[in-house]
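A.B. asks: Give me a model of this one.
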Amino acid sequence: MIRVAVVDDHPIVRDGIVANLAAAEGLAVVATGGSLAQARTIVERERPDVVILDLELPDGNGLEAIAQLKALLPKVRIVVFSAYAGEDRVRSALGDGADSYVLKGTPSDELIRAVRAVAAGETYLGPQIAAQVVGALHAPRRLRITEREREILRHLAAGLSNKQIAALLGVSERTVKFHVSEILGRLEADNRAQAVAIAQRRGLV
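C.D. replies: Numbers count the residues shown, from 1 in each chain. As a prediction, the model looks like this:
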């Protein structure tokens with residue numbers, strides 16, 4: 001039995017997800033919540049296999065919630081269920097540790113497939129998200145820096161370590177390391193100092 005928790009601040013959406021999962025064989029909803037605080041409590045108390053997580057929560061950034069929940073329960077699998085499909089948001093969610101990204105409005109069986117896939121150790125992207133990711137891979141290379149990456153660049157310019165940046169942002173050191181690696185790749189820099197110098201020349205920080 002796959003034990004699932006649902007975190008979404010809209011009761012109607014939450015109830016709809018629960019109803020769909022209840023009708024699926026081999027899935028059991030063990031808890032629901034509508035905030036980041038409730039999500040943390042649920043993960044600590046219920047230790048679910050999978051958390052279906054909305055990124056728009058009233059008391060915190062859903063992207064940061066991913067890292068926080070993974071820190072509390074490293075084995076938990078997270079399915080982001082969001083109305084937003086921006087490339088930066090998808091990339092940030094996956095970089096922060098999400099195992100799946102599915103858009104709201106997709107057929108209910110799509111979400112069930114995502115839950116089963118991540119519970120089996122796979123990564124699952126909804127069809128629209130998968131097409132977007134593939135399109136980005138084949139698009140001409142161009143410099144794209146997310147707001148989170150800009151923030152990390154500013155901290156790098158100030159000489160902070162990954163550990164210090166993680167503490168300031170409330171995310172894991174692993175998440176910061178991922179973003180630094182992404183920054184180096186985008187800027188074609190060999191090291192942090194070179195990345196900062198390039199970013200400063202281009203007016204990115």
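A.B. asks: need the contact list for the closest residue to residue 173 other than its chain neighbours.
C.D. replies: Spatially, and ignoring its direct neighbours in sequence, residue 173 is nearest to residue 166 (4.5 Å; CB to CB, 6 or more residues apart in numbering). Yep, even glycine has a C-beta here, placed from its N, CA and C like the rest. Contacts for residue 166 (CB atoms under 8 Å, 6 or more residues apart in numbering) come out as 172-173, 175-176.
A.B. asks: Using the three-state scheme, assign residue 166.
C.D. replies: helix (DSSP: H, G, I helix; E, B strand; the rest coil).
A.B. asks: For residue 179, see how far away it is.
C.D. replies: Here the criterion is CB to CB, to the nearest Å. By it, residue 166 lies 10 Å from residue 179.
A.B. asks: Same check on residue 118?
C.D. replies: Distance, residue 118 to residue 179, by CB to CB: 22 Å.
A.B. asks: Next: residue 96.
C.D. replies: Taking CB to CB, one finds residue 96 at 9 Å from residue 179.
A.B. asks: Please, where are all the strands along this structure?
C.D. replies: Here the chain has its strands, by DSSP state E, at 2-7, 27-33, 50-53, 56-57, 60-61, 77-82, 100-103, 124-125.
A.B. asks: Show me the chain divided up by domain.
C.D. replies: Using automatic domain parsing, the domain parsing of the chain gives 2-138, 147-201.
A.B. asks: Next, format these as a markdown table and append mean pLDDT.
C.D. replies: What follows is the domains of the chain, written out as a markdown table (pLDDT from 0 to 100):
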| stretch | mean pLDDT |
| --- | --- |
| domain 2-138 | 89 |
| domain 147-201 | 88 |
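A.B. asks: dump the residue contacts of residue 73.
C.D. replies: By CB under 8 Å, 6+ apart, the residues touching residue 73 are 43-44, 47.
A.B. asks: got a winner among these for most neighbours?
C.D. replies: The member of those that has the most neighbours, counting by other CB atoms under 10 Å, is residue 43 with 24 neighbours.
A.B. asks: In contact with that residue, which residues?
C.D. replies: So residue 43 contacts 5, 51, 69, 72-73, 76 (CB under 8 Å, 6+ apart).
A.B. asks: Pretty sure residue 36 sits against residue 56.
C.D. replies: No: with contact defined as CB atoms under 8 Å, residue 36 does not count as touching residue 56 (10.7 Å).
A.B. asks: Quick test: name the residue nearest the centre of this protein.
C.D. replies: For the chain, the residue nearest the mean C-alpha position is residue 93 (2.4 Å; CA atoms, centre = their mean).
A.B. asks: Not counting sequence-adjacent ones, nearest residue to that one?
C.D. replies: In space, residue 93 is closest to residue 80, 5.0 Å off (CB to CB, 6+ apart).
A.B. asks: Distance of that neighbour relative to residue 197?
C.D. replies: Distance from residue 80 to residue 197, counting by CB to CB: 34 Å.
A.B. asks: top helix in the chain by residue count?
C.D. replies: helix 173-187 (DSSP state H).
A.B. asks: Mind listing residues that contact it?
C.D. replies: Residues outside helix 173-187 that contact it (CB under 8 Å, 6+ apart) are 67, 95-97, 143-145, 148-149, 152-153, 156, 162-163, 165-166, 169, 189-192, 194-195, 198-199.
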